[in-house]
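Enquirer: Pasted the sequence and its predicted model underneath.
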Amino acid sequence: MKFFIDTANLSEIQEAYDLGILDGVTTNPSLMAKEGITGSDNILKHYKDICNIVDDNVSAEVISVTLDEMLKEGRALAKIDDKIVVKIPMIKDGVKAIKVLSSEGIRTNCTLIFNAGQAILAAKAGASYVSPFMGRLDDIGTEGILLIEQIVHIFDNYGFETEVLAASVRHNIHLIQCAEVGADVVTCPLKVITGLLKHPLTDSGLEQFLADYKKGN
Ligand code: E4P
């Protein structure tokens, strides 16, 4: 399972990368705004800064919603660096844009997926990744993990090469559930990744080992 970090914060991306387990980054316009990155020049430069930290898979989201504009924007984003994956929303023109960009060899991540039908359409269009948002489904009282499981199952049935990128992953249990159902990728904030390190018995066990070592030396 690939680990992506879901942030536009450069020091958090660096921290996750330094852990040695990071496979990519997802961003969205809200995450960029949270870091105070505004204006197209600054946004493009910020994507380049992210690409300079990680080895591959930097999702950069288009902010247009018509086919021509999405194609123009997607091609410009893809030119920033070979590591860029163009993130396209699940709308009618988005599906068309995924088809065209993928035929040009540009990788795409279809975002804002909330049901299996949307995931099938994006995969048929040639998306490299689909991003079902499990946390936002939980927020409205449905079980997000069931959608991840359903999409994994459907893609397996037909051998779709599109990878299932579980998004809106908010805590450890989400991440472990994604691993159980076979999600190809999870994207989550740094605190979810570092949260995997923690167990009180690890801390107390280590403390005891070090104390016992000191007694004998
Ligand atoms: C995915 O690519 C999105 O950026 C993200 O996972 C959304 O998460 P949220 O629902 O916690 O905002």
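Expert: Happy to help now that I have it. Residues are numbered from 1 along each chain as shown.
Enquirer: Within the helices and strands, which one has the residue nearest to the spatial centre of the chain?
Expert: When C-alpha atoms, centre = their mean is applied to the chain, the residue found nearest the centroid is residue 187 (3.8 Å). Assessed by DSSP states H and E, residue 187 sits inside strand 185-188.
Enquirer: Show me which residues of the protein sit near the ligand.
Expert: Contact residues (C-beta under 6 Å from any ligand atom) of the chain with the ligand: 6, 26, 28, 111, 131, 133, 135, 136, 167, 168, 170, 187. Quick note: C-beta positions are derived from backbone N, CA and C, even for glycine.
Enquirer: please redo it, this time with the cut-off set to 8 Å
Expert: 6, 26-28, 30-31, 59, 61, 87, 109, 111, 131, 133, 135-136, 139, 165, 167-170, 187-189 (C-beta under 8 Å from any ligand atom).
Enquirer: Could you pull up the contacting residues of residue 67?
Expert: 93, 96, 97, 100 (C-beta atoms under 8 Å, 6 or more residues apart in numbering).
Enquirer: can you rerun that using 7 Å?
Expert: Contacts for residue 67 (C-beta atoms under 7 Å, 6 or more residues apart in numbering) come out as 93, 96, 97.
Enquirer: which of the residues you listed count as buried?
Expert: By neighbour count, with 16 or more other C-beta atoms under 10 Å, those hold 93, 96, 97 as buried.
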